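Trainee: Let's see this in three dimensions:
(one chain, ligands or ions: 1)
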Amino acid sequence: MRASADALRRLVSAMVRAGGSADGEAALVAEHLVAANLAGHDSHGVGMMPSYVRHLKAALLVPNTKAKVVKDDGPALMFDGGRGYGRSVAGESIGAGIARCRQLGVAVVTLANAHHVGRVGAYGELTQAAKLVSLHFVNVTDHRALVAPFRGTDARFVTNPVCIALPATDRQPPILLDMATSAIAMGKVRVAKNEGHPVDPGVLIDQHGVPTRDPNVMYAEKTGALLPFGGHKGYGLAVVTELLATTLSGGPSIQPGNPRLGGIINNMLSILIDPARFAGVDWFRHEVDGFVDFVKASPPADPKAPVLVPGDPERLARETRMREGIEVDATTWGEILDAADTVGLGRAKAATLAEGGSTR
Ligand code: NAD
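Mentor: Numbers count the residues shown, from 1 in each chain. Down below sits the predicted model:
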């Protein structure tokens, strides 16, 4: 199934509205999920809707929830997301952080108990648009563990993403490092399973701790586990991400002492910095422009694959997918239609919307 970004936005927006959200929230969630598809991250795109609908039905995702201020103390801003749509409550908390960072030069924002915030790069893009630098550390809980510790044989935490964002200069587009600390995101295992292809070597172990390329091990009764990226280094980053996202925010880590209800909770620590208040904007541009040019001038090992910087692959994917549309595999599409039915929109109406038909 191939659909335009506009048609998928209309479909997701209608599903979120059918789940009880106001129009603004529905449009925001739709924009966010489709933007992940456009960026090439189908793992965090419209294929999340079946999980969102499941969580709505179980009251583990609460529509129309506003981020609640827990503390407002100079550069420190603490929010509770109350299981609201992640894009909505994280967008509000980052918006407040941007305003505070403009006043003070730095802001440290915590968000506890949000439902899935999705592609974390979206929040880096908000700070980039405000010409700020930002760092985001996110843990994932309320969910079964998916990732094994380095030297371990079973899953003990989830895919704990990290995002670091630098704004554009006049010459260089923004740099956006946005990645799971697992070798690949769980959504990419789902995509591999749905499309029926193996994952790369070094990414998964089975239920006995033995390396495998079969994505189905993550869906067996006794599951296998993803591995952290980069051995002990990725594992170390995953550990500190879990702890940074939770110890400062008041949100729960995945340790068994905290409740786990089977939804998705993201807690996020965000650090915002205004470069104008440090070495200044001219120096920032001088270093970004000169360094990126220097790195990209490295002769490519494969002439068809030039050196990139973080953020480039997503820009390239966006250009292609805006032009050619977004491919949704048959299994994911079937799951989305089922979810549309469950949430009361209906399969026929959902299919019409995805074909570009009218909204209501
Ligand atoms: P990935 O493995 O595709 O890595 C993405 C990062 O690597 C990007 O910054 C990209 O620009 C950079 N990159 C890729 N190829 C590059 C190259 N050749 N040169 C330079 N940089 C390059 O992404 P992932 O780890 O699968 O994560 C996908 C998405 O999943 C992210 O948006 C992440 O925020 C999201 N995620 C969210 C959650 C959550 O709970 N909300 C959990 C895990 C992941």
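
Trainee: quick one: the helices in the stretch 1-150 of the chain?
Mentor: For the stretch 1-150 of the chain, the helices defined by DSSP state H, counting those that start in this stretch cover 5-18, 23-38, 49-57, 86-104, 121-129.

Trainee: In TSV: those helices, plus mean neighbour count.
Mentor: For glycine as for every other residue, the C-beta is placed from the backbone atoms N, C-alpha and C. TSV is the format used below for these (neighbours: other C-beta atoms under 10 Å):
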stretch	mean neighbour count
helix 5-18	23
helix 23-38	20
helix 49-57	21
helix 86-104	22
helix 121-129	24
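
Trainee: Turn the ones you listed into a markdown table, including distance to residue 270 and mean pLDDT.
Mentor: Listed next are the helices of the stretch 1-150 of the chain as a markdown table, based on distance: least, C-beta to C-beta, whole Å; pLDDT from 0 to 100:
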| stretch | distance to residue 270 | mean pLDDT |
| --- | --- | --- |
| helix 5-18 | 24 | 97 |
| helix 23-38 | 16 | 98 |
| helix 49-57 | 23 | 97 |
| helix 86-104 | 6 | 98 |
| helix 121-129 | 7 | 98 |
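
Trainee: roughly how far apart are residue 245 and residue 310?
Mentor: In this view, residue 245 and residue 310 are 20 Å apart by C-beta to C-beta, to the nearest Å.

Trainee: who in this structure is up against the ligand?
Mentor: Counting by C-beta under 6 Å from any ligand atom, the chain comes close to the ligand at 41, 43-44, 116-121, 138, 140, 159, 161, 163, 176-180, 184-185, 188, 266, 308-311, 313-314.

Trainee: Now intersect those with the strands, please.
Mentor: Among the residues of the chain next to the ligand, the ones falling in strands (DSSP state E) are 138, 140, 163, 176, 177, 178, 179, 266.

Trainee: just the buried members of the residues you listed?
Mentor: With burial judged by 16 or more other C-beta atoms under 10 Å, the buried subset of those is 138, 140, 163, 176, 178, 179, 266.

Trainee: Name all residues that make contact with the third one.
Mentor: Looking back up the chat, that one is residue 163. Contacts for residue 163 (C-beta atoms under 8 Å, 6 or more residues apart in numbering) come out as 120, 121, 123, 124, 134, 135, 136, 138, 176, 177, 178, 179.

Trainee: And it, how close does it get to residue 245?
Mentor: If you measure residue 163 against residue 245 using C-beta to C-beta, the figure is 12 Å.

Trainee: coming back round to it: quick one: the helices of the stretch 1-150 of the chain as CSV, columns for distance to residue 331 too.
Mentor: Conversion of these to CSV gives the following (distance: least, C-beta to C-beta, whole Å):
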stretch, distance to residue 331
helix 5-18, 17
helix 23-38, 16
helix 49-57, 10
helix 86-104, 24
helix 121-129, 25
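
Trainee: Nothing else from me, thank you.
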